[in-house]
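Engineer: Fold the following and give me the result.
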Amino acid sequence: MQKYWNDELYAQIEEKVKVNMPKFKDRDYVITDKKYNDLIRRVTEKYYTAPAGIDINDKKCSTPLIENSQLVDDYSKVFEAAINECSENGGGRVIVPAGVYYTGAIRLRSNVNLHIEKDGIIKFIRNKTNEFYPLVNTWWEGAECYNFSPFIYAYEENNIAITGEGTIDGQADYFNWMPWKYGRFGQESQKKVRSMLFKWVEENIPVENRVLDDSISTLRPSFVGPTKCKNILIEGIRVINSPMWEIHPVLSENILVRALHIQTHYNNNDGIDPEFCKDVIIEDCIIDTGDDCIAIKSGRNNDGRRIGRPSENIIIRNNIFKDGHGGITLGSEISGSVKNVFAENNLFDSPNLDYPFRIKTNSVRGGVIENVYLRNCTVNKARLAVVHATMNYEEGDSGNFTPVIRNIFIAGFRTSDENNIEARYGFFFDAYERAPIQNVYLKDCEFNGVQEPVIMKNVHNIKFKNVRINDKIIK
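Structural biologist: Next comes the predicted model:
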């Protein structure tokens with residue numbers, strides 16, 4: 001009988017993450033300590049609101065927004081000083097007590113735990129400038145560049161954490177940061193700069209020359225973006241109003257994301273997107289987003305192939321996907337490949353869910369997607385397909401990098417008690433004739449409310465065992 005779960009590898013991932021979780025010295029640096037008072041700056045925050053009658057859903061609306069300003073206490077220099085002092089003294093906690101604190105980008109250093117206490121709120125200033133969000137080496141939709149810093153950033157650091165019961169608030173909304181997506185309300189569109197960045201990728205322009213400063217950039221930064229880091233803990237906090245992807249570790253390893261409450265419903269608001277990451281556990285989170293809840297990535301096109309590092313050894317368990325269009329997705333920025341993904345005991349509870357589980361690639365992206373295990377998950381809704389794997393995403397078969405999809409194991413995936421998920425498809429597999437999806441094993445699955453149970457195009461070695469759709473056995 002085919003093995004539906006790799007217990008040995010699963011245990012190895014658990015142990016690796018556990019052993020490498022950061023431990024911090026019992027030393028606190030409180031941002032309200034009087035020694036930091038002289039570092040608080042009074043600054044003007046600029047932000048936008050809408051005139052009466054604007055339709056927030058009109059992507060072509062050109063009505064100008066109203067520019068507003070307010071004076072706020074900027075704690076940027078306080079966070080910098082406290083974090084640097086903590087790190088230089090061997091580590092500990094930087095404490096954010098109850099209250100509201102405005103800041104620009106926060107840069108974490110090794111051996112520092114940014115701990116946000118209950119009723120502590122960090123608000124990120126809405127001025128879209130390099131004064132508040134300096135140029136850093138970062139990744140944007142799978143492409144490496146120098147762009148606005150993620151709101152919380154670290155680069156080549158070890159043993160870092162963001163913990164507590166408090167909130168980080170990106171203050172993004174339909175009128176601040178988001179208009180760049182479509183160029184709405186008389187603001188610039190990201191289209192031109194996005195196309196330029198992707199052209200640089202295709203032309204293999206050196207990364208140090210891919211500089212997008214605030215005079216030209218319309219690319220919204222991610223919220224939490226540790227890059228090239230090891231031993232990362234993100235636990236307990238509430239994440240709201242992100243301008244882009246919320247939790248986006250890149251080229252990092254030994255990561256535990258636990259018990260987050262992510263709530264943000266704007267454009268490209270993916271919840272948790274590990275990219276080129278190894279040994280990751282995502283557990284006990286409530287993810288309530290406007291895009292994919294969890295999306296595993298490994299670079300776009302030439303940049304993914306240049307790095308040549310898969311996202312691998314990832315456990316996703318005991319999460320509630322409260323809202324979002326995709327539950328767990330692999331891709332589409334997947335050129336560096338993805339392997340060894342385990343998902344269990346997750347509840348897909350979004351009323352807007354298109355795909356609980358999805359693989360998306362094409363022959364422009366390429367990449368190898370292999371060894372994916374799902375078990376004991378429940379789905380309430382899936383408007384398009386419960387399980388969806390395609391090689392014809394976006395550009396389709398128009399490139400020279402044929403993708404590989406193989407070894408997909410799904411067991412115990414079931415409809416919720418409501419018993420009608422209203423899906424168009426149950427299982428949808430779409431591959432090229434020259435590169436069929438290989439080795440798909442499905443057992444003990446049951447879905448009701450599906451229009452077309454199974455769509456298969458170029459799949460080799462697919463096996464069903466005790467799989468029911470609309471009370472009919474699938475063979």
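
Engineer: Give me the buried positions along the strand or helix carrying residue 71.
Structural biologist: If you go by DSSP states H and E, residue 71 is part of strand 66-74. The neighbour-count check on strand 66-74 (16 or more other Cβ atoms under 10 Å) flags 72, 74 as buried. In this view, the C-beta of every residue, glycine as well, is placed from N, C-alpha and C.

Engineer: average model confidence for that strand?
Structural biologist: Mean pLDDT, computed over strand 66-74, is 98.

Engineer: Downstream of that strand, the next helix or strand is which one?
Structural biologist: Note on strand 66-74: by DSSP H and E, the next helix or strand toward the C-terminus is helix 76-88.

Engineer: now the host helix or strand of residue 280, how far from the centre of its chain.
Structural biologist: Per DSSP H and E, residue 280 falls inside strand 278-283. Centroid displacement of strand 278-283 relative to its chain, using Cα atoms, centre = their mean, to the nearest Å, is 13 Å.

Engineer: Give the pairing partners of that strand; include direction for each.
Structural biologist: Note on strand 278-283: by DSSP bridges, its sheet partners are strand 253-258 (parallel), strand 311-317 (parallel).

Engineer: Would you tell me which of those gets closest to residue 239?
Structural biologist: strand 253-258 (10.5 Å; Cβ to Cβ).

Engineer: Name the residues that touch the closest one?
Structural biologist: Contacts to strand 253-258, defined as Cβ atoms under 8 Å, 6 or more residues apart in numbering, come from residues 16-17, 20-21, 230-236, 247, 249, 272, 274, 277-285.

Engineer: Show residues contacting whichever helix or strand comes after the strand holding residue 280.
Structural biologist: Sequence order places strand 286-289 as the next helix or strand after strand 278-283, per DSSP H and E. Here strand 286-289 makes contact (Cβ under 8 Å, 6+ apart) with 246, 260-265, 269-272, 293-294, 319-324.

Engineer: and if we set it to 10 Å?
Structural biologist: Residues outside strand 286-289 that contact it (Cβ atoms under 10 Å, 6 or more residues apart in numbering): 238-240, 242, 245-247, 259-266, 268-272, 293-294, 319-327, 346-347, 349-350, 352.

Engineer: Strand partners (parallel or antiparallel) of that strand?
Structural biologist: For strand 286-289, pairing defined by DSSP bridges yields strand 261-264 (parallel), strand 320-323 (parallel).

Engineer: So how do I select the buried members of the contacts of strand 253-258 in ChimeraX?
Structural biologist: Only the buried entries of the contacts of strand 253-258 go into this ChimeraX selection, using 16+ other Cβ under 10 Å:
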select :17,20,21,230,231,232,233,234,235,236,247,249,272,274,277,278,279,280,281,282,283,285
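
Engineer: Counting neighbours, which of the contacts of strand 286-289 end up buried?
Structural biologist: Buried by 16+ other Cβ under 10 Å: 238-240, 242, 245-247, 259-266, 268-272, 293-294, 319-327, 346-347, 349-350, out of those.

Engineer: Quick check: residue 387 touching residue 358?
Structural biologist: Yes: Residue 387 is in contact with residue 358 according to Cβ atoms under 10 Å; the separation is 7.8 Å.
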